[in-house]
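> Need the 3D shape of this:
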Amino acid sequence: MYIKTSCEIHDKIEIEKHYPGRFGAPGMPREKKKKKTPEDVARQNYWRRCRELRRTMELNFGAGDFHVTLTCRKDERPSKEEASKVIRKFRDELRKAYKKQGWELKYIITCETGERGAVHWHMIVNNMHSSTTSTSTMINKLWKLGRTYISPMDDSGDYKLLAEYIVKETNRRMENEETIEKLSYMISRNLIRPKVKEEKVRARSWRKEPTVPPGWTLVPGSLVNGVNKFTGWPYQHYTIRKEAGTDEDSGYLHRHKHKGT
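Numbering: from 1, shown residues only. Here you go, the predicted structure:
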């Protein structure tokens, strides 16, 4: 028996397979396991945070939404104690401006400190507009401490590099005690959070080349067959994507139970 987890993100499903606990699969060879070091734990936590943030980004933002950088003039840079108050005030003002238009603000915000100590923020925000105003207009009007740089997000639907950048920078700031935030980034409560479904598959192993159900295709480069160096047991993960023109509600997660696939 092995564990199969699935996370659905729009037109794709990320699938992971591993053996439960310390026992693995009966009769299967097990490679030598390794004891985790603090560095190993940190790398594992970093990878998990990147995955969680990337999935959240991909579920809630897309082409046309904004990646915003908010900078401060040299004589108006806040201290690390003041930084959180500054960005929270701006967020609250932007939220009020959205609400007046009947819009709902969605955001992810992180703080960054440059090599010379210049503090600035990165913000992922949903782009809204009407005949009288827009997100970019609101941001430029409300941010008074320096310049704003607003870039539209691409249409790839894959924000792995952006998520890694945010997590890497904020982890560094927390380790160096450069921030008083308990979380490495702020995220609005109205965002859809990724849901992972887990099932126990009653099979001794899986195929190295997974069976892809009709109407789906294996994402190139996503298939990985490896061995967990800490447990010594093999694992597999890959992503399948819905083919264009197929039924929107394929019900893959509910109807397809391919044992050993």
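> Provide the secondary structure category for K99.
When classified by DSSP: H, G, I helix; E, B strand; the rest coil, K99 comes out as helix.
> Please give the number of neighbouring residues around it.
11 (other C-beta atoms under 10 Å). Every residue, glycine included, has its C-beta placed from N, CA and C.
> Now do the contacts for the closest residue to it other than its chain neighbours.
Of all residues not flanking K99 in the chain, L105 sits nearest, at 7.8 Å (C-beta to C-beta, 6 or more residues apart in numbering). Counting by C-beta atoms under 8 Å, 6 or more residues apart in numbering, L105 makes contact with R91, L94, R95, Y98, K99, V125, N126, S188.
> for the residues you listed, which one is nearest T56?
S188 (10.3 Å; C-beta to C-beta).
> Quick check: that closest one touching Y107?
Yes. When contacts are counted by C-beta atoms under 8 Å, S188 is listed as touching Y107 (4.9 Å).
> who has more neighbours, those two?
Per other C-beta under 10 Å, whichever of S188 and Y107 has more neighbours is Y107, with 22 against 17.
> and that one, how far is that from R241?
27 Å (C-beta to C-beta, to the nearest Å).
> Which residue, neighbours along the chain excluded, lies closest to I124?
Excluding its sequence neighbours, the residue lying closest to I124 (C-beta to C-beta, 6+ apart) is I108, at 4.3 Å.
> Now do the same contact list for the closest residue to M138 other than its chain neighbours.
Leaving aside its chain neighbours, M138 sits nearest to A97 (4.7 Å; criterion: C-beta to C-beta, 6+ apart). By C-beta under 8 Å, 6+ apart, the residues touching A97 are T133, M138, L142.
> what kind of secondary structure is the second one in?
Following three-state DSSP, M138 is assigned to helix.
> and it, how many neighbours?
When neighbours are counted by other C-beta under 10 Å, M138 comes out with 22.
> do the one 5 residues further on as well
Counted by other C-beta under 10 Å, the residues lying close to W143 total 19.
> With V227 as the reference, measure out to it.
W143 is 49 Å from V227, by C-beta to C-beta.
> related to what we said a few turns ago, confirm the residue nearest to I124 sits in a strand?
Yes. Per three-state DSSP, I108 lies within a strand segment.
> For the longest helix belonging to the chain, give the mean pLDDT please.
Assignment by DSSP state H gives helix 38-60 as the longest helix of the chain. Throughout helix 38-60, pLDDT has a mean value of 83.
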